[in-house]
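Q: Sequence below, structure please.
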Amino acid sequence: MTKLKLGAIPDDRPVKLSIELPADVHRDLVAYAEVLARETGQKNEPAKLIAPMLARFMATDRVFAKARKDSGRRITPRDSGPSGSGDV
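A: Below is the predicted model:
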């Protein structure tokens, strides 16, 4: 079985945002949530996956990390799963 880029989703206090997604992105998000539930045994609403996906994306974007470092802000990659590999 292949390893997904996301692991179990931590229970965290959210900041509420309202966004619109293209239908195909929403369908993929629903499918990802279903695969993740089979892999981890943890069911999550598809919307709960957006924050860890964005965090993972930003934590592994080297250009973004360099830009933050150059602007005097430090980037701290978040571990979004038990593997802690940080691969994207």
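
Q: Give me the helices and strands touching whichever strand or helix holds residue 32, please.
A: Take DSSP states H and E as the rule and residue 32 turns out to sit in helix 23-40. Here helix 23-40 touches helix 47-59, going by 3 or more Cβ pairs under 8 Å, 6 or more residues apart in numbering; DSSP states H and E. In short, each C-beta sits where N, CA and C put it, glycine included.

Q: Check which helices and strands the helix it packs on sits against.
A: helix 23-40.

Q: mind checking how far residue 69 is from residue 63?
A: 11 Å (Cβ to Cβ, to the nearest Å).

Q: More neighbours: those two, which one.
A: Under the criterion of other Cβ atoms under 10 Å, the comparison of residue 69 against residue 63 puts residue 69 first, with 11 against 7.

Q: so how far is residue 3 from that one?
A: Counting by Cβ to Cβ, the separation of residue 69 from residue 3 is 29 Å.

Q: and if you look at residue 23?
A: Counting by Cβ to Cβ, the gap from residue 23 to residue 3 is 28 Å.

Q: re earlier: can I get the helix holding residue 32 as PDB, trimmed to CA atoms?
A: What follows is helix 23-40 as a C-alpha-only set of coordinates in PDB (Å, rounded to 0.1, in the frame of the first residue of the first chain):
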ATOM      1  CA  ALA A  23     -16.100  21.000  -8.300                       C
ATOM      2  CA  ASP A  24     -13.300  18.800  -9.400                       C
ATOM      3  CA  VAL A  25     -11.000  19.900  -6.500                       C
ATOM      4  CA  HIS A  26     -13.900  19.100  -4.100                       C
ATOM      5  CA  ARG A  27     -14.400  15.700  -5.600                       C
ATOM      6  CA  ASP A  28     -10.700  14.900  -5.200                       C
ATOM      7  CA  LEU A  29     -10.800  16.200  -1.600                       C
ATOM      8  CA  VAL A  30     -13.700  13.900  -0.800                       C
ATOM      9  CA  ALA A  31     -11.800  11.000  -2.500                       C
ATOM     10  CA  TYR A  32      -8.600  11.800  -0.500                       C
ATOM     11  CA  ALA A  33     -10.600  11.800   2.700                       C
ATOM     12  CA  GLU A  34     -12.000   8.400   1.900                       C
ATOM     13  CA  VAL A  35      -8.500   6.900   1.200                       C
ATOM     14  CA  LEU A  36      -7.100   8.600   4.300                       C
ATOM     15  CA  ALA A  37      -9.900   7.100   6.400                       C
ATOM     16  CA  ARG A  38      -9.000   3.600   5.100                       C
ATOM     17  CA  GLU A  39      -5.300   4.100   5.700                       C
ATOM     18  CA  THR A  40      -5.500   5.700   9.200                       C
END
